[in-house]
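Participant: 3D, please:
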Amino acid sequence: MSDGIVSMSRTFTLATPAGEASLARLRSAEGITAVRGEAGARRIEVAFDLACLDGADVVSILERSGLALADGFLARLSRRWSDFRENNLRDQSKIKRRCCGNWSEGG
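Facilitator: Alright, predicted model coming up:
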């Protein structure tokens, strides 16, 4: 996190099984660092750079790649919880940490 790179991984449940072409498009999208899942799977894990993308961006990329997300109550709840965690991680990564009570530098 000290280099400004904050990686986040989220698991998405799909409404329909993933196709190989859709997964290939997802893997080539900017900001996506890794995709775990196989063609025919209904769950995929997507790792992305939180400095470049947020959850809404990833959902948009999934949809543009041809992957439809499950819309059940638990799937929506899981996405909202992940959005909360993601926003918290992003906010925490922006805090400049101070060591040993040294507040002399700009603080």
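
Participant: Now do the strands in this structure.
Facilitator: Using DSSP state E, the strands of the chain run over 7-13, 32-36, 43-49.

Participant: average pLDDT across the second one?
Facilitator: Within the predicted structure, the mean pLDDT of strand 32-36 is 93.

Participant: Equivalent analysis for the first one, please.
Facilitator: The predicted model gives strand 7-13 an average pLDDT of 88.

Participant: So in that sheet, which strands flank that strand, and in what orientation?
Facilitator: Strand 7-13 has its sheet partners listed here by DSSP bridges as strand 43-49 (antiparallel).

Participant: which parts of the partner strand are buried?
Facilitator: Ile44, Val46, Phe48 (16 or more other CB atoms under 10 Å). Every residue, glycine included, has its C-beta placed from N, CA and C.

Participant: need the longest helix for this structure.
Facilitator: Longest helix in the chain by number of residues (criterion: DSSP state H): helix 73-93.

Participant: Keeping just the C-alphas, turn it into CSV.
Facilitator: C-alpha atoms of helix 73-93 as CSV (Å, rounded to 0.1, in the frame of the first residue of the first chain):
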residue,chain,number,x,y,z
PHE,A,73,-31.0,-10.7,-2.7
LEU,A,74,-27.9,-12.3,-1.4
ALA,A,75,-25.9,-11.4,-4.6
ARG,A,76,-27.0,-7.7,-4.3
LEU,A,77,-26.2,-7.7,-0.5
SER,A,78,-22.8,-9.2,-1.1
ARG,A,79,-22.0,-6.5,-3.7
ARG,A,80,-23.1,-3.7,-1.3
TRP,A,81,-21.0,-5.1,1.5
SER,A,82,-18.0,-5.3,-0.9
ASP,A,83,-18.6,-1.7,-1.9
PHE,A,84,-18.5,-0.7,1.7
ARG,A,85,-15.3,-2.6,2.4
GLU,A,86,-13.7,-1.2,-0.8
ASN,A,87,-14.6,2.4,0.1
ASN,A,88,-13.2,1.9,3.6
LEU,A,89,-9.9,0.5,2.2
ARG,A,90,-9.6,3.3,-0.3
ASP,A,91,-10.1,5.9,2.5
GLN,A,92,-7.6,4.2,4.8
SER,A,93,-5.0,4.1,2.0
